[in-house]
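Asks: return a 3D structure for these sequence lines:
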Amino acid sequence: DFIAAIDLGSSHMVGMVGAKGSSGALSIIAYEVENSETCIRRGCVYNIKDAAGKIVRLIRKLENKLGGARIAKVYIGVGGQSLRTISHAVSRVIGDGTVTEEILQELDQECRQYHPDMLDVLEVAPPAYFLDNQPEAHPVGMGCSRIDARYKLVVGRPSLRHAVTTNMTEQIKLDVAGTIVSPLALADLILTEQEKDKGCALVDFGAGVTSVTIYKDGSLAGLYVIPLGSQLITRDLMSLGIPEKEAERVKRTYGNAIWEKDNEQQMVSVDLADGQHAGELKLSDINMVVEARSREIIENIYARLEEAGVTKTPGYSVVVAGNGAALKNMREALGERFKMEVRYASVRKDLIADGEMIANNPEYTTAVALLLKGRENCAAYTAPEPEKKKEEKKVDVKIAEIEEEVKEQSPAEQTIQTPPAPPKDEHVGTKKNDKKGDKNSTKKGWSLFEMFDKAVDKAAGKVDDMLNEQ
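Replies: Numbering: from 1, shown residues only. Got it, this is the predicted structure:
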């Protein structure tokens with residue numbers, strides 16, 4: 001048994017297969033990567049046919065590593081710039097009663113029946129409970145006159161899920177086991193319960209978008225997807241006259257989220273757009289472009305934290321993940337603007353049994369998070385033969401063996417034994433005597449049909465003995 005998942009990123013898509021142990025810890029079995037720049041923009045699939053073709057190739061590559069096992073269905077992560085949270089509250093007047101588990105289940109069912117206009121509810125986060133307007137983390141068994149359950153619903157455009165379920169299933173000819181909200185799955189993989197209780201935000205710097213998942217008092221306070229990613233920095237560097245691949249290399253090698261005056265006169269060798277000549281750029285020019293776009297992304301993140309009301313919360317912290325977080329001095333720039341503790345993401349060790357180094361690679365972390373959320377077995381399953389059919393098959397095989405044994409008898413055993421002819425009688429010759437002689441001869445000799453009957457009786461006897469033994 002195994003779980004299969006696909007992370008649809010703006011720069012690449014990752015297919016991964018893993019298995020869970022008895023404790024729930026994940027062991028990574030196989031993983032593969034496909035470039036997705038031609039079919040996914042800002043976390044959303046815009047070319048379904050191209051994306052489906054890449055997913056099919058991912059599945060084939062993964063199956064080649066599974067030793068003959070086949071993948072029957074996959075989990076797919078959902079992200080994209082339309083993803084966000086909205087608030088929804090459900091209340092119940094109890095009078096002088098006590099909060100029970102049944103009341104909480106009724107509140108949850110009522111919340112899940114709510115469908116906002118023009119939006120698709122992708123996930124319902126666990127609520128924050130208030131008893132007579134006072135927060136209470138564990139309300140069961142407590143008395144109150146009114147209980148409020150305040151939910152955060154993760155919503156997006158209806159086409160977001162439709163693109164990876166109905167349309168994608170028709171193209172790849174493979175069932176989708178479920179859609180998982182990628183930022184929430186990533187937060188559960190990286191953030192501890194203590195960090196969520198104290199207050200923490202996870203910032204995932206992607207190529208097309210930047211996701212901000214905010215927790216406060218142990219509950220989800222907000223989920224935002226900013227349509228700005230590290231690809232914008234690469235495109236800004238292309239304005240200096242260098243091709244995209246070279247701009248990406250320059251960003252990773254020399255890019256700095258904080259402009260440093262000491263490097264103002266330093267020159268950097270680059271390949272020009274014609275691909276045949278080398279040129280030089282001032283490092284200060286490169287960093288001026290990188291810092292300007294980095295500051296814009298940071299300011300957008302800060303605005304989301306401010307909207308969630310956590311910017312002035314004592315002890316609040318920020319965790320950064322994604323390939324964009326590897327930009328030089330990005331953590332320092334965030335700490336300087338937010339006035340908070342900022343750390344790089346690392347997966348929780350209690351959740352990974354095998355493959356921790358792969359899980360901590362920013363390119364694969366989201367795919368690992370999706371596997372942990374998967375519950376169904378994704379392996380192709382072949383039903384075993386019923387026991388009755390197995391017994392009938394054994395009997396047929398035994399009969400065939402017995403028939404073969406009869407065929408292999410020596411020619412002497414198969415020769416018809418004919419008695420010697422009686423002495424000639426001069427009276428023999430009449431028609432009556434000839435008929436009588438033929439009849440006596442048939443009685444004394446073995447006919448071919450008698451031998452066949454005896455062989456069949458012998459085979460049937462052996463079959464009866466075998467069935468009696470079973």
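Asks: looks to me like R252 is in a helix.
Replies: Yes. With DSSP: H, G, I helix; E, B strand; the rest coil as the criterion, R252 is part of a helix.
Asks: so, low pLDDT: which residues of the stretch 251-400 of the chain?
Replies: Applying pLDDT under 70 to the stretch 251-400 of the chain flags residues 262-264, 273-277, 381-400.
Asks: would you map the helices across the stretch 51-200 of the chain?
Replies: Assigned by DSSP state H, counting those that start in this stretch, the helices in the stretch 51-200 of the chain fall at 101-112, 158-162, 166-172, 182-190, 193-198.
Asks: hmm, who's touching the first one?
Replies: Applying Cβ atoms under 8 Å, 6 or more residues apart in numbering, the external contacts of helix 101-112 come out as 88, 90, 92, 94, 121, 124, 127, 129, 139-140, 147, 149, 151, 153. Glycine gets a C-beta too; all of them are placed from N, C-alpha and C.
Asks: which members of those residues are the farthest-apart pair?
Replies: Between any two of the contacts of helix 101-112, the greatest separation by Cβ to Cβ is 26.7 Å, found for I94 and V121.
Asks: in the stretch 101-250 of the chain, where is pLDDT below threshold?
Replies: In the stretch 101-250 of the chain (pLDDT under 70), no residue qualifies.
Asks: in stretch 318-326, what's buried?
Replies: Using 16 or more other Cβ atoms under 10 Å as the test for burial, stretch 318-326 gives V318, V319, V320, A321, G322, N323, G324, A325.
Asks: on the strand side of things, show who the closest residue to the fifth one other than its chain neighbours bridges to.
Replies: Going back to what we said before, that points to G322. Using Cβ to Cβ, 6 or more residues apart in numbering and skipping residues adjacent in sequence, the residue nearest G322 is F205, 3.9 Å away. Applying DSSP bridges to F205 gives these bridge partners: T210.
Asks: with I71 instead?
Replies: For I71, the beta-bridge partners under DSSP bridges are A379.
Asks: that one and E63 touch, don't they?
Replies: Yes. Counting by Cβ atoms under 8 Å, I71 touches E63, with 5.9 Å between them.
Asks: out of those two, which sits in the busier spot?
Replies: Under the neighbour definition other Cβ atoms under 10 Å, I71 and E63 were set side by side, and I71 has more, 20 against 17.
Asks: quick one, what contacts that one?
Replies: A4, V17, I59, L62, E63, L174, C378, A379, A380.
Asks: what's the farthest-apart pair in those residues?
Replies: Across these, no pair lies farther apart than V17 and L174, at 13.6 Å, counting by Cβ to Cβ.
Asks: take the buried residues of stretch 318-326 and keep only those in strands.
Replies: V318, V319, V320, A321 (DSSP state E).
Asks: any figure for the gap between the closest residue to the last one other than its chain neighbours and P127?
Replies: In other words, A321. With Cβ to Cβ, 6+ apart as the criterion, A321 has its nearest non-adjacent residue at 3.7 Å, and that residue is A345. Between A345 and P127 the distance is 26 Å, computed by Cβ to Cβ, to the nearest Å.
Asks: how about Q113?
Replies: Plainly put, Q113 is 15 Å away from P127 if you go by Cβ to Cβ.
Asks: got it, and A30?
Replies: 38 Å.
Asks: then I297?
Replies: Distance from I297 to P127, by Cβ to Cβ: 31 Å.
Asks: same deal with M168?
Replies: For M168, the distance to P127 - Cβ to Cβ - is 31 Å.
Asks: what about the residue nearest to I76 when sequence neighbours are not counted, how many residues nearby?
Replies: The spatial neighbour of I76 that comes closest, neighbours along the chain excluded (Cβ to Cβ, 6+ apart), is V164 at 4.7 Å. The criterion is other Cβ under 10 Å. On that basis, V164 has 24 neighbouring residues.
Asks: D7 versus V164, what's the distance?
Replies: 11 Å.
Asks: JSON lines for the ones in strands among the buried residues of stretch 318-326, including distance to N133?
Replies: Formatted as JSON lines, these follow (distance: Cβ to Cβ, whole Å):
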{"residue": "V318", "distance to N133": "30"}
{"residue": "V319", "distance to N133": "32"}
{"residue": "V320", "distance to N133": "36"}
{"residue": "A321", "distance to N133": "36"}
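Asks: which one of those is nearest to I242?
Replies: Among these, and counting by Cβ to Cβ, the member closest to I242 is V320, at 27.0 Å.
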